[in-house]
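Asker: Structure for this input, please:
(2 chains)
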Protein chains: 2
Amino acid sequence: MAKIAVIGGTGHLGKGIARRLAKAGHDVTIGSRSAERAAALGAEMGGIAGATNEEAAAGKDIVIVAVPYDSQGSTLKQIAPHVGDAIVVDTTVPLKPPKVMRVQLPDAGSAAIEAQGHLGEGIRLVTAFHNVSAHNLDSEGPVECDILVFGDDVPARNAVVEMVASMGLRGLSGGALVNSAAAEALTSILIYMNKTYQADGAGIRFTRLANAPAIP
Amino acid sequence: MAKIAVIGGTGHLGKGIARRLAKAGHDVTIGSRSAERAAALGAEMGGIAGATNEEAAAGKDIVIVAVPYDSQGSTLKQIAPHVGDAIVVDTTVPLKPPKVMRVQLPDAGSAAIEAQGHLGEGIRLVTAFHNVSAHNLDSEGPVECDILVFGDDVPARNAVVEMVASMGLRGLSGGALVNSAAAEALTSILIYMNKTYQADGAGIRFTRLANAPAIP
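Answerer: Okay, here's the model as predicted:
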């Protein structure tokens, strides 16, 4: 079991991630701008600690960042001095409201590549959780979505695929960090499908994989 | 039933598309740089006409373009004067060999937006078929891949979703033309998964859609 921080853990996606990680038996700390809010929510969820973002990011095996796109840069810069050799899992999707059903990838190509710039050299960066419905993740019902994991640090990427499996989800490696663009763009398609096809949190499944983890 | 041209119909993807369209009862013409080669292949496949790209593109309801990325511009410019008010379906994925497992979207954002530039104003452009395995499409076996369809001309996009359904596949609207970037990028992930997870033509399925066409 790992020591895991969820930065932005009081948000929708962060809550769902933290809850599933705690249920899986990991040692989970929610990070928030307000330590009090984080601690209160963690206690309410049961057995989850709460701290400021900087405090939560220190001394962990894995630091998951689940904040809106417009907070990504400031949050990553804030935690970078504290993460040490932890794996940082950025979940950012570069949505630009109000046109969230349109793909609007940043000039750098992806929020993942921007994250690398914000964190600076030497930090083990992986991205994941772009496509999963926060609502479904934070419920008892089925999620029905593969979790794509991207990164250039292969051991870090594999560790995150395993962490995802511990949460009762299917994690799949999607390859290099630059490939994160595909999952980031896909989120706008899923939001579009939620509206167009009345989906209760549309997801994706990859098919015909002979040698992938089974769908839980 | 529609009059449909498949430009680049002697290539892998084009063949699979043409064969399924003909089986569905559409009036299909394969276009190629060589009219003889197109005619020979069409006869071999049974009941499919062959012509030069320009000839094939003229007088059709739908003109599907299935050529490699490095031929996309020249081919679209070649057919643009001939398509009239046909719907042009571009299938181009911006793969840049040898790194086909890495997402490398063009500066314009997508091959779809580049296609719009190549075709010029007033042509009804839709994109589709980015993610389907050419091998599976050209076989009798299951394809197990949703076909995402993108475009700003909503009636044209809907017509292509219907055409896809006539081929025994599930077509889904993915929204605006700009959203084509998501499917184009995803193809590199699928190629990566073919290798990483020993997939026989990995595909994608969208989940939890309440009101979408059934999977055939």
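
Asker: rest of the way, CA atoms for contacts and neighbours
Answerer: Fine.

Asker: Show me what from chain A comes close to chain B.
Answerer: A:101-103, A:105, A:109, A:144-145, A:173-176, A:178-179, A:181-183, A:185-186, A:188-189, A:192-194, A:197-212 (Cα under 8 Å from any Cα of the partner chain).

Asker: In helices, which of the residues you listed appear?
Answerer: A:181-183, A:185-186, A:188-189, A:192-194 (DSSP state H).

Asker: quick one: pLDDT of residue A:141?
Answerer: pLDDT, residue A:141: 82.

Asker: residue contacts, the spatially most central residue of chain A?
Answerer: Against the mean C-alpha coordinate of chain A, by Cα atoms, centre = their mean, the closest residue is residue A:91 at 3.5 Å. By Cα atoms under 8 Å, 6 or more residues apart in numbering or on different chains, residue A:91 lies in contact with A:64-67, A:127-130.

Asker: what's it sitting at in phi/psi?
Answerer: Residue A:91 adopts backbone torsions of phi -110, psi 10, taken as degrees, to the nearest 10.

Asker: now swap in residue A:85 and tell me
Answerer: Note on residue A:85: backbone dihedrals following degrees, to the nearest 10 are phi -100, psi 20.

Asker: contacting residues around it?
Answerer: A:61, A:123-124.

Asker: before we move on, what about residue A:201?
Answerer: A:132-133, A:135-136, A:190, A:194, B:208 are the contacts of residue A:201 under Cα under 8 Å, 6+ apart.

Asker: go on, residue A:101?
Answerer: With Cα under 8 Å, 6+ apart, residue A:101 has these contacts: A:188-189, A:191-192, B:175.

Asker: Could you identify the most distant pair in these?
Answerer: Pairwise distances among those were taken by Cα to Cα; the largest, 10.1 Å, belongs to A:191 and B:175.

Asker: Tell me which of these two has more neighbours.
Answerer: residue B:175 (24 against 20; other Cα atoms under 10 Å in any protein chain shown).

Asker: How about the more buried one: what's its closest non-neighbour residue?
Answerer: residue B:150 (5.3 Å; Cα to Cα, 6 or more residues apart in numbering or on different chains).

Asker: Give me the neighbour count for residue A:150.
Answerer: Residue A:150, neighbours per other Cα under 10 Å, totals 30.

Asker: Ignore what I typed, I meant residue A:36.
Answerer: Using other Cα under 10 Å: residue A:36 sits among 13 other residues.

Asker: Likewise for residue A:75?
Answerer: Residue A:75, neighbours per other Cα under 10 Å, totals 21.

Asker: so where does residue A:88 fall, helix or strand?
Answerer: Using DSSP states H and E, the element containing residue A:88 is strand A:87-90.

Asker: Pretty sure residue A:31 sits in a helix.
Answerer: No - Residue A:31: not assigned to a helix; according to DSSP: H, G, I helix; E, B strand; the rest coil it is strand.

Asker: Who are the contact partners of it?
Answerer: A:5-10, A:38, A:50-57.

Asker: How about residue A:193?
Answerer: A:199, A:202, B:173-174, B:209.

Asker: Repeat that for residue A:104.
Answerer: Contacts of residue A:104 (Cα under 8 Å, 6+ apart): A:94-96, A:185.

Asker: hmm, back to that, redo the contacts of residue A:201 as JSON lines? Include distance to residue A:45, neighbour count and pLDDT.
Answerer: Converted to JSON lines, the contacts of residue A:201 look like this (distance: Cα to Cα, whole Å; neighbours: other Cα atoms under 10 Å in any protein chain shown; pLDDT from 0 to 100):
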{"residue": "A:132", "distance to residue A:45": "20", "neighbour count": "22", "pLDDT": "98"}
{"residue": "A:133", "distance to residue A:45": "19", "neighbour count": "22", "pLDDT": "96"}
{"residue": "A:135", "distance to residue A:45": "15", "neighbour count": "16", "pLDDT": "95"}
{"residue": "A:136", "distance to residue A:45": "16", "neighbour count": "19", "pLDDT": "95"}
{"residue": "A:190", "distance to residue A:45": "28", "neighbour count": "25", "pLDDT": "98"}
{"residue": "A:194", "distance to residue A:45": "28", "neighbour count": "20", "pLDDT": "97"}
{"residue": "B:208", "distance to residue A:45": "27", "neighbour count": "20", "pLDDT": "96"}
